[in-house]
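Q: when you get a sec, could you give me coordinates for this:
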Amino acid sequence: MQTEIIISGFGGQGVLFAGQLLSYAALEKDLHVTWYPSYGPEMRGGTAHCTVIISDDEIGSPVIRNPTAVIVMNLPSLDKYEPLIKTNGVLIVNTSLVDRDPEREDLRIVLVPANDIAEELGDKRMSNLVMLGSLVNKLDILSIEDIGTSLDRHIPKHRRNLLEGNLKALERGAALAMGEKLAT
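A: Numbers count the residues shown, from 1 in each chain. Okay, here's the model as predicted:
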């Protein structure tokens, strides 16, 4: 099994942190992982994406041509990565910032109003974890509990006050991907 994931948006959306968290959770499950970040020179507000490869065997290259799954946090990311996803792959779209529907019909698509959900939960910075929760639900690699445990272990000390909210954000994203609704 090898799953190739791209998480893309603009700087400041927590794209790289979401990829790191996914990578840490996979490592803690004794899986092989690569995490490869890329961002524009502007950082906040510029383009940012990362690739994560999770495998039960050694990984030959961190380069991804046709990912299994993509999280897109903004419209330029949808435009760039939608055409590249493998047939029957997963596409998670942040509908709070993307104003068009995906065009492909051969993908498993989850439309997530991530920014809206994050604001309901009290902090718009949690939109990345709403999206990550939806992705984890659609891929059969890690559980929400695995991501939550990893978050608890790796969240910076100065952000520990956000742990509970981030766990709720993960759960809301996962529930949305299942078509369920959770109370705030």
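Q: shaky segments in the protein?
A: 40-46, 179-184 (pLDDT under 70).
Q: what sits against the residue positioned nearest the centre of it?
A: Note on the chain: the residue nearest the mean C-alpha position is residue 132, at 3.5 Å, using CA atoms, centre = their mean. Neighbour list for residue 132: 7, 18, 21-22, 71, 147, 170, 173 [criterion: CB atoms under 8 Å, 6 or more residues apart in numbering]. (C-beta placed from N, C-alpha, C; glycine too.)
Q: neighbour-wise, give me the winner out of those residues.
A: The residue in these with the most neighbours, by other CB atoms under 10 Å, is residue 7 (33 neighbours).
Q: quick one: secondary structure of the residue lying closest to that residue once chain neighbours are set aside?
A: With sequence-adjacent residues excluded and distances taken as CB to CB, 6 or more residues apart in numbering, residue 7 is closest to residue 71, at 4.5 Å. Following DSSP: H, G, I helix; E, B strand; the rest coil, the label given to residue 71 is strand.
Q: in contact with residue 71, which residues?
A: Going by CB under 8 Å, 6+ apart, residue 71 touches 5-9, 15, 18, 92, 94, 131-132, 134-135.
Q: residue 23 too?
A: 33-35, 52, 54.
Q: distance of it from residue 29?
A: Noted for residue 23: a distance of 11 Å to residue 29, by CB to CB, to the nearest Å.
Q: cool, and residue 173?
A: Taking CB to CB as the measure, residue 173 falls 20 Å from residue 29.
Q: same check on residue 160?
A: Computed as CB to CB, the residue 160 to residue 29 distance reads 23 Å.
Q: neighbour count winner among the two?
A: Legend: neighbour count by other CB under 10 Å for residue 160 and residue 29, higher for residue 29 (16 against 10).
Q: my guess is that one contacts residue 142, does it?
A: Yes - judged on CB atoms under 8 Å, residue 29 makes contact with residue 142 at a distance of 6.5 Å.
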